[in-house]
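[1] any chance you could fold what I've pasted below:
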Amino acid sequence: MIKTQISIVMPVKDTEKYLGATIESVLNQSFQNWELIAINDDSTDNSLQVLEEYATLDSRIKVFTNPNTGLLEALRFGYSKTSGTLIHRMDSDDKMPVSKLSLMHDEWIKHGKGSVVTGGAEYFMDKAEVGDGFKRYANWLTEVSRTNSHAENIYRESVIASNCWLAHRDDFDKIGGFEPNTFPEDYDLCFRFYQGGLKIVGLDAVLHLWRDRPDRISRNWDVYKDNRFFDLKIHYFLSIERDSDRPLVLWGAGKNGKDLAKLILSQESNLTWVCDNEKKVGKDIYGIRMERFKKIKDLNDPQIIIAVASPDGQKEIEMVLESWDLIAGDDYWFFA
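    Numbers count the residues shown, from 1 in each chain. Next comes the predicted model:
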């Protein structure tokens, strides 16, 4: 089999401490037809020196300096320097399992253009235990990939790890590449893969090793403080899923439900709001009368957004909706 070249775009900012291990994990790949486009993004440590040392040892490692500043600018600039047919992204503090590129490449070859290949992920720390929340997300992500249940789960969380996808450059250009100024940029890209009609192909394998550290972006940037990302989810739901001929239903009257209701009502005038909390049924919230959840049975072909976050509550709701012959990803979507 002729191996199609993979271009790996890797922004680098102040990761001198981890950079060697990251690059070594790329060098050690069983798949060797790659180029690593490393973009130094105004690092204040010795990251650039580390990059340049590796570049002298292997011509496939190409080092550039971001002419601007910022993650998205670095990604865009790096992508402009790629020459490979297949595109991949890497963070400069993570690691690749040795067979990552090989497995993704071979699976992509089976499906070809119009597909995006992804897989599972694990978090690791050098001297501490990974938090339960990160573990749960990584396990969930790996299960979504194993079962190829991306479409029905995309509004819960990002169903593609930020550094665990492989796409043809034509498809990547078609959906806008790294161009939108939207954060979180990885979740936005996931939605754009989906919106662009690309087939998301999940592998039953852990293909990315995320490093968890106290100063990671997702812990410290303001944009990540509310990690429900309801603005982004509602934006794409209304543009991808929404059918104005079908009644729109919101299930859940807690904080998630109220926050989602505000967003929906800013763009939709007709909303049926339901819950299973008898204390809230019959009350007016934001000008809408709260209905019992069984109201859904009276509606013709509804689209249902579910704001309930508790795992047990979600299971109960799913059992009810399935008993009414409603289908996840077609008739209802979990947003938490």
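
[2] what's the local residue count around Asp325?
    7 (other C-beta atoms under 10 Å). Where you see a C-beta, it was placed from the backbone N, CA and C, and this is true even at glycine.

[3] tell me the pLDDT at it?
    pLDDT, Asp325: 98.

[4] repeat for Asp215
    Looking at Asp215, the pLDDT reads 66.

[5] His208: neighbour count?
    Neighbours around His208, by other C-beta under 10 Å: 25.

[6] what residues does stretch 12-25 touch?
    10, 36, 38-51, 54, 61, 71, 74, 90-98, 209, 211 (C-beta atoms under 8 Å, 6 or more residues apart in numbering).

[7] make a PyMOL selection of the buried ones in these.
    Entered in PyMOL, the line below selects the buried ones among those, by 16 or more other C-beta atoms under 10 Å:
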select buried, resi 10+36+38+39+40+41+43+47+48+50+51+54+61+71+74+90+91+92+93+94+95+96+97+209+211
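
[8] of the contacts of stretch 12-25, which belong to helices?
    47-51, 54, 71, 74 (DSSP state H).

[9] now do the same contact list for Tyr236.
    Neighbouring residues of Tyr236 by C-beta under 8 Å, 6+ apart: 155, 191, 194-195.

[10] which one of those is nearest to Gln267?
    Among the contacts of Tyr236, Tyr155 lies closest to Gln267 (C-beta to C-beta), at 15.8 Å.

[11] give me the neighbour count for that closest one.
    So Tyr155, with other C-beta under 10 Å, has 24 neighbours.

[12] distance of the residue nearest to Gly196 when sequence neighbours are not counted from Arg169?
    Counting by C-beta to C-beta, 6 or more residues apart in numbering, Gly196 lies nearest to Ile175, which is 3.9 Å off, once chain neighbours are set aside. Ile175 sits 11 Å away from Arg169, going by C-beta to C-beta, to the nearest Å.

[13] show me where pLDDT drops low in the stretch 151-300 of the chain?
    Where the stretch 151-300 of the chain drops to pLDDT under 70, the residues are 215-226.

[14] for the stretch 201-336 of the chain, which segments count as strands?
    Per DSSP state E, counting those that start in this stretch, the stretch 201-336 of the chain carries strands over the ranges 248-251, 272-275, 284-285, 288-289, 291-292, 303-306, 332-334.

[15] what of the stretch 1-150 of the chain?
    6-12, 34-40, 61-65, 86-89, 115-124.

[16] so how far is Asp331 from the residue nearest to His105 when sequence neighbours are not counted?
    The shortest distance from His105 to any non-neighbouring residue, by C-beta to C-beta, 6+ apart, is to Phe31 (5.6 Å). As judged by C-beta to C-beta, Phe31 and Asp331 stand 41 Å apart.
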